[in-house]
Structure formats: structure tokens, C-alpha cells
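[1] Structure, please.
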Amino acid sequence: MLKRLQAAVMGSAVLGLLNTTAASAYLDTSNGWNLPTGATDIGAEVFSLHMWMFWICTVIGIGVFGTMMYSIIRHRKSLGAKSASFHHSTAVEIVWTALPFAILIAIAIPAAGTLIKMEDTRDADITIKVTGYQWMWEYEYLGEDVRFFSRLKQDANEARQLKSGIDVHQVENYLVDVDRPLMIPVGKKVRFLITSNDVIHAWWVSDLTVKKDAIPGYINEAWTNAKVPGTYRGVCAELCGRDHGFMPIVVEAVPQDEFDAWLAEQKGSSSDTADVAGTPKTVTVDESAATEVAAAGSPAVAADDAAEGAEEAADAEAPAETDLDALMASGETVYTRNCAACHQAAGTGLPPNFPSLVGSAVVTGDAEAQVMQILKGKGMMPPFANLSDADIAAVVTYTRNSWGNDSGVVQPADVAALR
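    Numbering: from 1, shown residues only. Here you go, the predicted model:
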């Protein structure tokens with residue numbers, strides 16, 4: 001009994017912390033104590049069904065318990081009541097069979113119509129692929145060449161770490177905010193293709209009336225049509241591992257013109273990123289400068305001067321190498337943010353799914369292979385190609401020179417050459 005009381009007290013404390021820290025994100029009192037109606041037409045239908053069934057159940061409850069109380073009081077033994085002698089009534093059996101059947105039909109018809117609408121993903125204006133990872137989400141706008149990861153926001157991720165020393169009450173939207181929200185246009189039908197890269201997750205945003213399992217090797221479909229601009233928050237609704245509670249969902253519904261501008265910006269940044277992440281640009285000699293040099297002296301001198309100028313230009317364009325201390329300092333930050341949840345702060349991992357990095361063949365072997373594993377992912381490890389060359393170089397260097405490892409330095413240019 002004492003252990004049960006302790007567990008109850010601890011549970012209450014945890015719920016109190018969650019209620020305090022997440023209240024600003026989840027609190028919706030627009031309907032008083034009732035369920036919120038959400039921001040979609042389907043959500044309004046679901047709410048109407050909820051109220052319809054609520055009143056049916058209320059009437060049934062009043063009828064059943066009222067009859068019980070009346071019978072108990074009116075036919076009690078102290079008043080001399082005696083039990084009836086009959087044991088069968090055809091009329092009563094017909095009533096208690098027909099009435100529940102009629103109630104079920106009255107509930108089933110509108111409910112089936114709403115369920116059919118919820119599953120109808122045809123004629124969507126935009127399609128977004130949602131992929132669950134331990135422990136983040138990936139969003140891909142199909143046909144738009146826009147794709148990114150959405151993770152728990154960094155300030156909350158730092159605050160949640162054991163002995164972080166950070167007061168979580170001072171972190172805005174603690175555990176329910178992300179670094180990159182999903183953007184959707186208001187008033188447009190948005191179709192979701194939901195799957196997973198590792199284990200079963202569930203993508204749930206109640207205000208948008210969407211809740212679907214994300215299953216590896218299988219695609220579930222859902223859709224929404226937000227009628228009101230705003231920020232809508234959700235969670236993974238399937239226990240997917242030790243950090244299940246740290247992969248929130250944030251959806252921003254914005255007017256069409258804002259969405260178009262955001263989408264164009266994302267496409268531009270994607271092309272810019274691809275350009276930066278690719279191989280170094282070829283440095284060419286300015287033809288007009290070479291002509292001027294040639295006119296000032298002999299052809300041989302002009303050629304030598306032009307070549308020297310090209311070398312100087314190449315040296316100026318070539319990225320400067322980062323020293324070990326700077327890479328280690330930056331790498332520790334990147335590792336804590338992206339890797340420590342699985343491989344632990346001390347690199348000991350969580351075998352068998354997340355191996356130890358202490359003396360691991362991955363971090364003591366070929367550096368190029370480790371970089372490619374980070375870029376492409378492997379097994380339960382998702383790809384981290386969204387990280388910059390500098391971040392990947394830093395975290396690779398950090399893992400190759402921590403916890404007793406001593407396996408050399410990787411520079412951002414090395415990562416760029418492998419993309």
C-alpha cells in the first residue's frame with residue numbers, strides 16, 4: 001500500500017510539472033470544460049457527434065439509474081413489497097431489444113458518414129510526406145523539392161538533460177515546441193502520407209483532426225483543411241522508445257500568400273545549401289586581367305603572373321582549416337543536441353539498437369565511412385544531411401577524439417567533398 005501511495009504521489013508530481021510547463025501550449029478553454037471544436041470542418045462534425053452521443057448517453061443514464069432508484073425505494077421490503085412471480089415478458093424483451101438497436105442505428109449512420117469523409121484524401125491541393133524517426137519528424141513537400149527535419153527545440157532539449165541546471169518553467173512552450181514547424185496553407189486540403197523509418201510512431205494533431213500510425217514499410221493516408229490561421233501542436237501518440245515524449249509536432253497554418261512566399265524561400269535556401277555543400281567552386285582567372293598583364297610584358301611573364309594570380313585567388317577562396325580545439329567545442333554541442341539521446345553523453349550507447357562509440361570501429365575506422373553514415377543514415381539511425389558541413393565535421397572530430405578515442409580530424413571541406 002505504501003508503495004502504491006508513493007507511486008501515486010510521484011505520478012501527481014509529474015502530471016503537475018507537465019501541466020505547469022505545457023499549459024501555455026495546450027490550454028484551450030474556448031468551450032469551457034467541453035472538448036475543443038478544432039480548426040477544421042471535420043473537427044466540427046466530430047464535436048457534433050460527440051455532443052449527440054453525449055446527450056443520448058445522458059438520457060439512457062437518467063432512465064436506467066432513475067428506474068433503479070425508484071424500484072429500490074418504492075419496492076423495498078420494509079414497505080411489505082414482494083417479488084413478482086412472472087419470469088418472462090415478451091413485450092419487455094421486444095422493447096429492450098428494439099430500443100438499443102434503434103439507438104445504435106441513430107449513432108452509426110452519422111458516425112459512418114463522418115468516418116468516410118475522414119478517409120477521403122482525394123482532390124488534395126498539396127501532399128506532404130511525414131516520416132517518423134527516433135525521435136523527430138521529417139517533412140517532404142512532394143513535387144516541391146522541399147524537405148526538412150523537425151526536432152524538439154534546442155532550449156527545451158538542453159533544459160531536459162539530467163543536471164542541466166536550467167529551470168524548465170523559464171523555457172517557453174517547454175517540450176511542445178520545435179526548431180522547424182510544418183507549414184500549411186489555410187483553406188486548402190492538405191494530404192499527408194505517413195510512414196516511419198524505424199519503429200511505430202503516431203502523428204497526432206487533435207485540432208487538425210489527424211491521428212494516424214506511422215508504420216515502417218507502410219504508408220497511411222490522412223488529410224486536413226485548416227480554416228483558421230494559427231499554431232497547432234501535437235505529439236507522437238505511440239510509445240516509440242525512451243525519448244518518445246520529446247518529439248513534439250508543431251503545425252503553422254498561414255494564408256496562401258504567406259505559404260507561397262515561405263515555400264519559395266525554402267526552395268531558394270535548398271538550392272543555396274546544395275551549392276555550398278557541393279564541391280568547391282573552380283577558380284578561374286579574370287580574362288580581362290590576364291589581357292592587361294600580357295600587354296604589360298612578355299608572354300612568358302604574363303603567363304607566370306596570371307598563374308600566380310590564379311594561385312592567390314584559389315588560396316583566398318579555399319576555406320581555412322579549423323583547429324582541433326574549435327572542432328571539439330562545436331562538436332560537443334552538436335553531439336549533445338543530435339546524438340546524445342541515443343548514444344549517451346559518455347558515448348556508451350544503448351545496445352543493441354544504439355551501439356557504444358567508445359572504441360567503436362565506426363569512429364576509429366575510415367573517417368569517410370563515418371561521414372557517409374551521418375549523411376545517409378544506417379539502420380535505426382536517421383540521415384543527418386540537414387546538418388551543415390561544419391557541424392558534421394565537428395561532431396565527427398568530437399566522436400573520434402573523445403572517450404579515449406584518438407582517430408584524427410575531419411574538416412568541413414572533407415564533408416563537402418563527400419556530399
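[2] Output the below-cut-off pLDDT ranges for the stretch 51-200 of the chain.
    Scanning the stretch 51-200 of the chain for pLDDT under 70 picks out no residues.
[3] again, 80 this time
    Scanning the stretch 51-200 of the chain for pLDDT under 80 picks out 83-88.
[4] Same question for the stretch 301-419 of the chain.
    Ranges of the stretch 301-419 of the chain meeting pLDDT under 80: 301-320, 337, 341, 350, 352-354, 379-380, 382, 385-386.
[5] Tell me the first helix or strand C-terminal of the helix or strand harbouring residue 61.
    Remark: residue 61 resides in helix 41-74, with elements defined by DSSP states H and E. The element immediately downstream of helix 41-74 (helix or strand, assigned by DSSP H and E) is helix 90-119.
[6] so what strands line up beside the following helix or strand past that following helix?
    Per DSSP H and E, the first helix or strand lying C-terminal to helix 90-119 is strand 126-133. Here strand 126-133 is paired, per DSSP bridges, with strand 136-141 (antiparallel), strand 190-196 (parallel).
[7] what number of residues lie near the residue lying closest to residue 247 once chain neighbours are set aside?
    The shortest distance from residue 247 to any residue that is not its chain neighbour, by Cβ to Cβ, 6 or more residues apart in numbering, is 4.1 Å, and that residue is residue 135. Any C-beta I mention is one placed from the backbone N, CA and C, and that applies to glycine too. Using other Cβ atoms under 10 Å, the number of residues around residue 135 comes to 22.
[8] any idea how far residue 135 is from residue 390?
    For residue 135, the distance to residue 390 (Cβ to Cβ, to the nearest Å) stands at 24 Å.
[9] Check residue 329 too.
    12 Å.
[10] more crowded one of the two?
    residue 390 (19 against 11).
[11] That one belongs to a helix?
    Yes: with DSSP: H, G, I helix; E, B strand; the rest coil as the criterion, residue 390 is part of a helix.
[12] residue contacts, it?
    322, 330, 412 (Cβ atoms under 8 Å, 6 or more residues apart in numbering).
[13] for the second one, helix, strand, or coil?
    Classification of residue 330 by three-state DSSP places it in helix.
[14] For it, which non-adjacent residue is spatially closest?
    residue 394 (3.9 Å).
[15] Which SSE is immediately downstream of the helix or strand the one you found falls within?
    Per DSSP H and E, residue 394 falls inside helix 389-400. Once the chain leaves helix 389-400, the next helix or strand it forms, by DSSP H and E, is helix 412-418.
[16] Just the buried residues of that next one, please?
    When neighbours are counted by 16 or more other Cβ atoms under 10 Å, the buried residues of helix 412-418 are found to be 412-416, 418.
[17] and it, how far from the chain's centre?
    The chain centroid and the centroid of helix 412-418 are separated by 28 Å, computed with Cα atoms, centre = their mean, to the nearest Å.
[18] Report the rounded mean pLDDT for stretch 219-236.
    For stretch 219-236, mean pLDDT is 95.
[19] List the buried residues for it?
    In stretch 219-236, counting by 16+ other Cβ under 10 Å, buried: 220, 222-226, 232-236.
[20] For the residues you listed, work out which two are farthest apart.
    225 and 236 (22.9 Å; Cβ to Cβ).
[21] Burial check on the closest residue to residue 348 other than its chain neighbours, number of neighbours?
    Closest residue to residue 348 apart from its sequence neighbours, by Cβ to Cβ, 6+ apart: residue 356 at 5.1 Å. Using other Cβ under 10 Å, residue 356 has 16 neighbouring residues.
[22] and if you look at residue 141?
    19.
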